[in-house]
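S.K.: Have a look at this fold, sequence not included:
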């Protein structure tokens, strides 16, 4: 919310745009009957808009002034589910699964030397997975 005193329709547009912006979407489509409110917001320097791709729609996005007015400087976006932490967790899971597979494979071998090497490789992968999970858990707690 902003300190500006906007009419409800304009306030609604700004709140929707701010919420969508926080989710990573830079513009949003509204019905064309919202064009008068978008025009007023554009005159105030808070948004820009253009005709939408679909008939009777408009696409609206915040300007830097609009973002400054409606987005808190202390806002921290939620964790990206496809970001580096999620990919690292998936890697840890893969290493752990491969470690278990090495143990299972080692159990099927007849050569004791190969059994030992497969078991050691499995232990090493599982240890690396555990270390990676520890690092990730500590990062989240900071």
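M.R.: Good, I have the coordinates. Every value quoted in this text rests on a predicted model; they were computed, and no experiment measured them.
S.K.: Okay, and the beta partners of residue 62?
M.R.: Per DSSP bridges, the residues bridged to residue 62 are residue 47.
S.K.: what about residue 31, distance to residue 23?
M.R.: According to Cβ to Cβ, to the nearest Å, residue 31 and residue 23 sit 20 Å apart. Any C-beta I mention is one placed from the backbone N, CA and C, and that applies to glycine too.
S.K.: out of those two, which sits in the busier spot?
M.R.: With neighbours defined as other Cβ atoms under 10 Å, residue 31 and residue 23 compare such that residue 31 has more, 11 against 8.
S.K.: I'd assumed residue 54 was in contact with that one.
M.R.: No - between residue 31 and residue 54 there is no contact under Cβ atoms under 8 Å: 9.9 Å.
S.K.: mind checking pLDDT for residue 77?
M.R.: For residue 77, the pLDDT comes out at 57.
S.K.: Let me see the backbone angles for residue 4.
M.R.: phi -70, psi 150 (degrees, to the nearest 10).
S.K.: residues in contact with it?
M.R.: Residues near residue 4 by Cβ atoms under 8 Å, 6 or more residues apart in numbering: 44, 69.
S.K.: same deal with residue 61?
M.R.: 17, 26-28, 47-49.
S.K.: Mark which of these are part of helices, please.
M.R.: Among those, the members falling in helices (DSSP state H) are residue 17.
S.K.: Can you say which of the contacts of residue 61 are buried?
M.R.: 17, 27-28, 47, 49 (16 or more other Cβ atoms under 10 Å).
S.K.: Serialize those to CSV and add fields for distance to residue 59.
M.R.: Listed next are the buried ones among the contacts of residue 61 as CSV, based on distance: Cβ to Cβ, whole Å:
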residue, distance to residue 59
17, 11
27, 5
28, 7
47, 10
49, 6
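S.K.: Single out whichever of these has the smallest pLDDT.
M.R.: Where pLDDT dips furthest among the buried ones among the contacts of residue 61: residue 27, at 88.
S.K.: Skipping adjacent residues, who's closest to it in space?
M.R.: Spatial nearest neighbour of residue 27, chain neighbours left out: residue 61 (3.8 Å); criterion: Cβ to Cβ, 6 or more residues apart in numbering.
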